[in-house]
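Chemist: My questions concern the predicted model and sequence given below.
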Amino acid sequence: MIAGVRKHAKAIDAVGIGAERLDAAGVIARFQAHLDTIEDIANYDKLKSDAIAREAKQEAEILELWGLVGYFARGQFGEESTTVRDFGLKERRRTAPTAATKALAVAKRNETRRVRRTMGKNQRKKIKGGL
């Protein structure tokens, strides 16, 4: 389009184009501005796709590093230390077992011992040979 406008610039200048009566230079300027905008969009798309690719590569590295820093912080300051908050981590609090949980654990332990016929140290001492 621009090449045609340049080639026939004198005819366009004589008549003018559109309600604004643009001359050839004005028409070329509008087309060129549009082409520049399209080029900017293409460059933006390229920059955006390059940035997304870089971020995807960095994400794997950051996840590994995140874990290592977390291990360091928890190892250095302790699992339940509030200092790990400085690293963006939550302290791990062990909840105390409830009475019902403890009772269930004892019942399971006793049942396992009964089924396996296992005995503690003092229970074994009470057993005497039958000869």
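Modeler: Structure received.
Chemist: residues in contact with stretch 81-98?
Modeler: The contact list for stretch 81-98 (C-beta atoms under 8 Å, 6 or more residues apart in numbering) reads Val69, Gly70, Ala73, Arg74, Phe77, Glu79, Glu80, Ala105. The way it works is simple: take the backbone N, C-alpha and C, and place the C-beta from them, glycine included.
Chemist: Between the two ends of it, how far is it?
Modeler: Taking C-alpha to C-alpha, to the nearest Å, stretch 81-98 runs 23 Å from one end to the other.
Chemist: quick one: pLDDT of Arg54?
Modeler: Residue-level confidence at Arg54 comes out at 90, pLDDT.
Chemist: just Gly129 next, same as before
Modeler: We note a pLDDT of 67 for Gly129 in this prediction.
Chemist: Do a quick rundown of the helices in this protein.
Modeler: With DSSP state H, the ranges of helices along the chain come out as 2-7, 9-15, 24-77, 99-116, 121-125.
Chemist: if we can go back for a sec, now the contacts of stretch 81-98 in CSV, please, with extra columns for pLDDT.
Modeler: Below are those laid out as CSV (pLDDT from 0 to 100):
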residue, pLDDT
Val69, 88
Gly70, 87
Ala73, 88
Arg74, 86
Phe77, 86
Glu79, 82
Glu80, 82
Ala105, 93
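Chemist: out of the residues you listed, which one sits closest to Ala29?
Modeler: Nearest to Ala29 among the contacts of stretch 81-98 is Val69, at 55.2 Å by C-beta to C-beta.
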